[in-house]
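In: Compute the structure for the input listed below.
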Amino acid sequence: MTIFDVLTLIGGLAMFLFGMNIMGSSLEKASGGKLESILEKMTNNRIKGVFLGMVVTALIQSSGAVTVMAVGFVNSGIMTLKQVIGIIMGANIGTTVTAWLLSLTGIEGSNLFISLLKPSSFAPILAIIGIILIMFAKSDKKKNIGNILAGFAILMIGMQTMSSSVEPLQNVPEFTGILTKFSNPILGVLAGMLLTAVIQSSSASVGILQALSSTGAISVAAAFPIILGQNIGASLTGLLSSIGTNKNAKRTAGVYLVFNIIGVALAMIIFYGANAIFDLPFFTEQVNPADIAIIHSVFNIFATVVLFPFGGLLEKLMYLIIKETPEEKKAHEEKKAKLVEERFLISTAYAIDKVKEQCDEMALLAKKNILLSLDFIKIYNHVKDEKIKENEKRLDKYEDDLETYLVKISSMELSVEDSMKLSKLSHAIGNFERIGDYGVNILKTKRKMHKEKIHFSDEANRELDIMGNAVKEIIENSTRAFIEDDIELAQTIEPLEQVINNLKSELRAKHSKRMENNECSVENGMLFFDIINSFERIADHCSNLAVCIIELSQGSYQTHSYLKGVKNSENKSFMQNFETYLAKYSLR
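Out: Reported below is the predicted structural model:
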């Protein structure tokens, strides 16, 4: 084997790893965060967890990435250790899919159908299709599909390159001598573990072993312990991701490691015990890429089937190994108080989805505070006073945490669709926080009235009640339109906002007249104006939300041009809604 063969091997490995990375990241982008959401929501029993872990790992081609997600879920308190055990078991099975795809390089035969199954036949075609989509497709979805196809093609071509570069080794006695040393179970397991730990991918290390098997110099005795070691090495990715996390997240990574260690120990006892008793005839036979895929799959299925009933014991074992001190428990509670887990930044789409979930909660909290404030105007209540203040603190926390998180997401590589979502969320967070502020303004006004025993006239209260009902409807509709992304409902917000603006003008005029006639004091008048000003500003922010929802759904955000167009007298839909609301909230 010459230096050029070594360089070719390194180049093939680089292509293999690059292709796998491109394919995995593109599959995750194409999923739009759905894979992570499924993992989070559908793990109410271990059987589902195994199935989901298997499917998601097969799709994104990385058991390590799935384990990192699981660690993040547990660290944030979204999932329990018990829930993720099934996912981890399934991830071990799912990762074997790559080995089966790579085994296609070993297909031989002159039949047309068999020839088409060879990577040398279909990889260039996939690469061409992928490049065309990347270069000429306009939508992000098609570009992602192009990246998936190109990544898979590069992966397969890299595998072929590795296989061809090591072919000369089959005639090198020294190489055969090194491989026979790996027939020693301990050395074989260590070799597989170290190789996987270095390149941080069990799929890639199995691929390298499959490439070496094409020399015909690797026996079952040498391949078996290396494959077992590769599974232990894959666990180290999870251990690295658990650095700096809480104890439960560390237990999650520990389960992955312990699961594989126990599985390897059982497999070695059974395999080598059977060989000692029965002298297995295939023990010294040479393996090919398909044989390695079989061994890899059989081991992981075996480990999952055998250890599945003992998932509860694995959980208890981790609690015995990693104990939690009172100080660590307190730190865990503080960590849990964070609204969005930073580990979700592993997937841009999923991180944005998690922010949307928290933003929905913020919307409901802002609405709740306004509804409390509206009731508060009629009768002062100390309990409601404290509740409104508490909710406002929570709204401020939502704004601080979510805006900080959005800044981190914005520094990542974003698709056009993700950028639009980010812009929409940023606008929404600011508007919901300001809506909450005006609820507090109403609280302060009513608190002053209560303290100084100030009361409005029956007519003033009737007018506030009418305008308050309009505000109640606009906050209800705008929050629902945001949460459900309801464009049709969002289009009803602006006509109602215009009616509320008109009500403010009418109420100011009526109350000014009462002040002129000495029917109420100047101080009363100023407090009345404060309340209707807050009503009008709440409606303004609801309008901002609606415009944001409508405009970003159309791929733009031109507030002024939209409002100018929508308020045109020729806009029948706007005028119809405006007339309906005008009649509904008439002061007469």
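
In: Contacts only, for residue 391.
Out: 365, 368-369, 372, 436, 439 (C-beta atoms under 8 Å, 6 or more residues apart in numbering). (Glycine included, C-beta is placed from N, CA and C.)

In: residue contacts, residue 209?
Out: So, once contact is read as C-beta under 8 Å, 6+ apart, residue 209 ends up touching 192, 218, 223, 226-227, 230, 292.

In: give me that answer again for 6 Å
Out: 226, 292 (C-beta atoms under 6 Å, 6 or more residues apart in numbering).

In: roughly how far apart are residue 156 and residue 315?
Out: Per C-beta to C-beta, to the nearest Å, residue 156 is found 40 Å from residue 315.

In: Settle it for me: which of these two has more neighbours?
Out: Using other C-beta atoms under 10 Å as the criterion, residue 156 and residue 315 rank with residue 156 on top: 26 against 16.

In: What helix or strand is the most centrally placed residue in the chain located in?
Out: With distances taken as C-alpha atoms, centre = their mean, the residue of the chain nearest its centroid is residue 350 (2.3 Å). Residue 350 belongs to helix 348-378 when assigned by DSSP states H and E.

In: buried residues in the next helix or strand after that helix?
Out: Once helix 348-378 ends, the next helix or strand along the chain (criterion: DSSP H and E) is helix 382-410. Neighbour-count burial for helix 382-410 flags 384-385, 387-388, 391-392, 394-395, 398-399, 401-402, 405-406, 409 (criterion: 16 or more other C-beta atoms under 10 Å).

In: Is residue 189 in contact with residue 227, as I believe?
Out: No: the pair residue 189 / residue 227 is not scored as a contact, 9.3 Å apart, by C-beta atoms under 6 Å.

In: what is in contact with these two at once?
Out: By C-beta under 6 Å, 6+ apart, residue 189 and residue 227 have no common neighbours.

In: can you count the residues close to residue 538?
Out: Residues near residue 538, counting by other C-beta under 10 Å: 30.

In: And residue 274, by the same measure?
Out: With other C-beta under 10 Å as criterion, residue 274 counts 12.

In: On the three-state scheme, it is what?
Out: helix (DSSP: H, G, I helix; E, B strand; the rest coil).

In: Residue 456 now?
Out: State at residue 456, reduced to three classes by three-state DSSP: coil.

In: so what's it scoring on pLDDT?
Out: Among the per-residue scores, residue 456 shows a pLDDT of 85.

In: how close does it sit to residue 511?
Out: Distance, residue 456 to residue 511, by C-beta to C-beta: 9 Å.

In: which residues touch stretch 425-445?
Out: With contacts defined as C-beta under 6 Å, 6+ apart, stretch 425-445 is touched by 355, 359, 362-363, 366, 369-370, 373, 388, 392, 395, 399, 402-403, 406, 482, 527, 530-531, 534, 537-538, 541, 544-545, 548.

In: What residues sit buried inside it?
Out: Applying a neighbour-count criterion of 16+ other C-beta under 10 Å, the buried positions in stretch 425-445 are 425-443, 445.

In: what mean pLDDT would you report for that stretch?
Out: Stretch 425-445 comes out at a mean pLDDT of 91.

In: hang on, isn't residue 352 packed against residue 420?
Out: No: between residue 352 and residue 420 there is no contact under C-beta under 6 Å: 10.1 Å.

In: neighbour-wise, which of these two wins?
Out: residue 352 (25 against 18).

In: What count of nearby residues applies to the nearest residue to that one once chain neighbours are set aside?
Out: Among residues not flanking residue 352 along the chain, residue 421 sits closest, at 5.2 Å (C-beta to C-beta, 6 or more residues apart in numbering). The number of residues packed near residue 421 is 21, by other C-beta under 10 Å.

In: where's residue 421, which helix or strand?
Out: helix 416-451.

In: what packs against the next helix or strand after that helix?
Out: The C-terminal neighbour of helix 416-451 among helices and strands, as given by DSSP H and E, is helix 458-484. Contacting helix 458-484 under the criterion 3 or more C-beta pairs under 6 Å, 6 or more residues apart in numbering; DSSP states H and E are the following elements: helix 348-378, helix 487-490, helix 493-516, helix 522-553.

In: try 10 Å
Out: Where contact means 3 or more C-beta pairs under 10 Å, 6 or more residues apart in numbering; DSSP states H and E, helix 458-484 is packed against helix 348-378, helix 416-451, helix 487-490, helix 493-516, helix 522-553, helix 572-584.

In: Any idea how far the longest one is from the middle of the chain?
Out: Distance of helix 416-451 from the chain centroid (C-alpha atoms, centre = their mean, to the nearest Å) equals 26 Å.

In: ditto for the fourth one
Out: Helix 493-516 sits 45 Å away from the centroid of its parent chain (C-alpha atoms, centre = their mean).

In: Please work out the average pLDDT along that helix.
Out: 91.

In: what comes up buried for that helix?
Out: In helix 493-516, counting by 16+ other C-beta under 10 Å, buried: 493-500, 502-504, 506-508, 511, 514-515.

In: which sections of the stretch 1-150 of the chain are below the confidence cut-off?
Out: Within the stretch 1-150 of the chain, the stretches with pLDDT under 70 are 1, 20, 24, 27-44, 59-62, 64-65, 68-69, 72, 75-78, 104-120.

In: and the residue lying closest to residue 398 once chain neighbours are set aside, what is it in contact with?
Out: Closest residue to residue 398 apart from its sequence neighbours, by C-beta to C-beta, 6+ apart: residue 362 at 4.3 Å. Residue 362 makes contact with 339, 355, 394-395, 397-399, 401-402, 428-429, 432-433, 435-436, 479, 482, according to C-beta atoms under 10 Å, 6 or more residues apart in numbering.

In: Try it again at 8 Å.
Out: Contacts here follow C-beta under 8 Å, 6+ apart; on that basis residue 362 touches 395, 398-399, 402, 428-429, 432-433.

In: Taking these together, which two end up most distant?
Out: Within those, 395 and 428 form the most distant pair, 12.4 Å apart (C-beta to C-beta).

In: For the stretch 1-150 of the chain, which segments count as helices?
Out: For the stretch 1-150 of the chain, applying DSSP state H, counting those that start in this stretch gives helices covering 3-31, 34-41, 46-60, 63-75, 81-94, 96-102, 112-117, 119-136, 140-166.

In: Okay, the residue lying farthest from the centre of the chain and residue 398: tell me how far apart.
Out: In the chain, the residue that sits farthest from the middle, by C-alpha atoms, centre = their mean, is residue 517; the gap is 62.0 Å. Distance, residue 517 to residue 398, using C-beta to C-beta: 45 Å.

In: What sits closest to residue 6 if chain neighbours are left out?
Out: residue 165 (7.6 Å).

In: And for residue 264?
Out: With C-beta to C-beta, 6+ apart as the measure, residue 228 is the residue that lies nearest to residue 264, at 4.4 Å, once sequence neighbours are left out.

In: what's the answer for residue 53, then?
Out: residue 90 (2.7 Å).

In: Can you report how many residues neighbour that neighbour?
Out: Residue 90: 28 neighbours (other C-beta under 10 Å).

In: Would you check that it makes contact with residue 51?
Out: Yes: if you go by C-beta atoms under 8 Å, residue 90 and residue 51 touch, sitting 6.1 Å apart.

In: Mind checking the helices of the stretch 1-150 of the chain for the one nearest to residue 472?
Out: Closest of the helices of the stretch 1-150 of the chain to residue 472 is helix 34-41, at 32.4 Å (criterion: C-beta to C-beta).

In: quick revisit: tell me what angle the helix holding residue 421 forms with helix 140-166.
Out: 130 degrees (axes from the mean of the first three to the mean of the last three C-alpha atoms, to 10 degrees).

In: Now do helix 416-451 against helix 348-378, angle only.
Out: Going by the same axes, to 10 degrees, helix 416-451 makes 20 degrees with helix 348-378.

In: what about the helices in the stretch 201-350 of the chain?
Out: 202-213, 220-241, 247-278, 289-307, 311-321, 326-336, 348-378.

In: Could you give me the buried positions within the third one?
Out: Residues 247-260, 262-264, 267-268, 271-272, 275 are the ones in helix 247-278 that count as buried (16+ other C-beta under 10 Å).

In: in the stretch 451-588 of the chain, what spans have low per-residue confidence?
Out: Flagging of the stretch 451-588 of the chain using pLDDT under 70 yields the residue ranges 554-570.
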